[in-house]
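Colleague: Coordinates for the following, if possible.
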Amino acid sequence: MKLYFLFLLMAATTVVCPGPGVVMTLTNSLRYGMRGTLGGILGIALGNLVVAAVSATSLGALLATSPQAFIVIKYIGAAYLLYLGVKLLMAPSFKLEVMVAHKAGFIKRLFEGFSLSVTNPSSIFFFLSVFPQFIDPEISYLAQFTSMVLTFSALIVIIHWGYAMSARLAKSWFLSGNGGLTLNRMAGFTFILFGAVLAMAKI
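Modeller: Reported below is the predicted structural model:
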């Protein structure tokens, strides 16, 4: 697989980016503690695995019949990253609402995280437009895509767990909105940088 280190950085930035999954993890951590957060995190990772599998099936058929699709998808993916960057720079800080905590069942949190991932259209578009840019046509497509998906899912578990711990240690910062605003700005600039790099890269 080409440019794996760049993919790793981009995937990590995508996972860190404030979105529905991050808000769910932070909220669960503040409401239920670390143990009550694990189910949601694993659900988000599992949901992304399912979305990626469906995307890989459709995408594999497309790329097998049209080599030119790599070039088209390259620029679509770069444009998508630039769009995400600008969108995050213009977005207001996300808000966390900590309600009265109740018993957090693992299965319920798992299902909530899974449902959130599989119903998020941005996840599907991300896998379809960005992942293929790192595929080497001369190497097994399935092996490369599987490697990237597993890497992405592992990053979800690691980074979201870090978010959950951070929420407990920096509760006032996240609840004030300053944390969300800072993360939006950092992720926005990073996505714009990645979009420009991928548009110019020869892959």
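Colleague: Heading C-terminal from the host helix or strand of S123, find the next helix or strand.
Modeller: Per DSSP states H and E, S123 falls inside helix 121-129. Sequence-wise, the next helix or strand downstream of helix 121-129 (DSSP H and E) is helix 141-169.
Colleague: quick one: average pLDDT of that next one?
Modeller: Helix 141-169 carries an average pLDDT of 86.
Colleague: Buried residues, it. List them.
Modeller: 141, 144-145, 148-149, 151-153, 155-156, 159-161, 163-164, 166-167 (16 or more other CB atoms under 10 Å). (Glycine included, C-beta is placed from N, CA and C.)
Colleague: And stretch 132-139, by the same measure?
Modeller: P132, Q133, F134, I135.
Colleague: nearest to Y75, of these?
Modeller: Q133 (9.4 Å; CB to CB).
Colleague: now the helices for this protein?
Modeller: Ranges of helices in the chain, per DSSP state H, are 4-16, 20-65, 69-90, 106-118, 121-129, 141-169, 171-176, 178-200.
Colleague: Could you report the neighbour count for Y4?
Modeller: 13 (other CB atoms under 10 Å).
Colleague: wait, doesn't it sit right on D136?
Modeller: No: Y4 sits out of contact with D136 when judged by CB atoms under 8 Å, with a separation of 10.3 Å.
Colleague: tell me the mean pLDDT for stretch 19-35?
Modeller: 78.
Colleague: So which helix or strand of this structure has the lowest pLDDT on average?
Modeller: Scoring the helices and strands of the chain by mean pLDDT, DSSP states H and E places helix 171-176 at the bottom, with a mean of 66.
Colleague: Let me have the buried residues of stretch 132-139 in CSV, adding pLDDT and distance to V15 as columns.
Modeller: Output for the buried residues of stretch 132-139, formatted as CSV (pLDDT from 0 to 100; distance: CB to CB, whole Å):
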residue, pLDDT, distance to V15
P132, 72, 19
Q133, 72, 18
F134, 78, 16
I135, 76, 20
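Colleague: ok, the residue most central in space within the chain - contacts?
Modeller: Note on the chain: the residue nearest the mean C-alpha position is V15, at 3.7 Å, using CA atoms, centre = their mean. By CB atoms under 8 Å, 6 or more residues apart in numbering, the contact set of V15 is F152, L155, I156, I159, H160.
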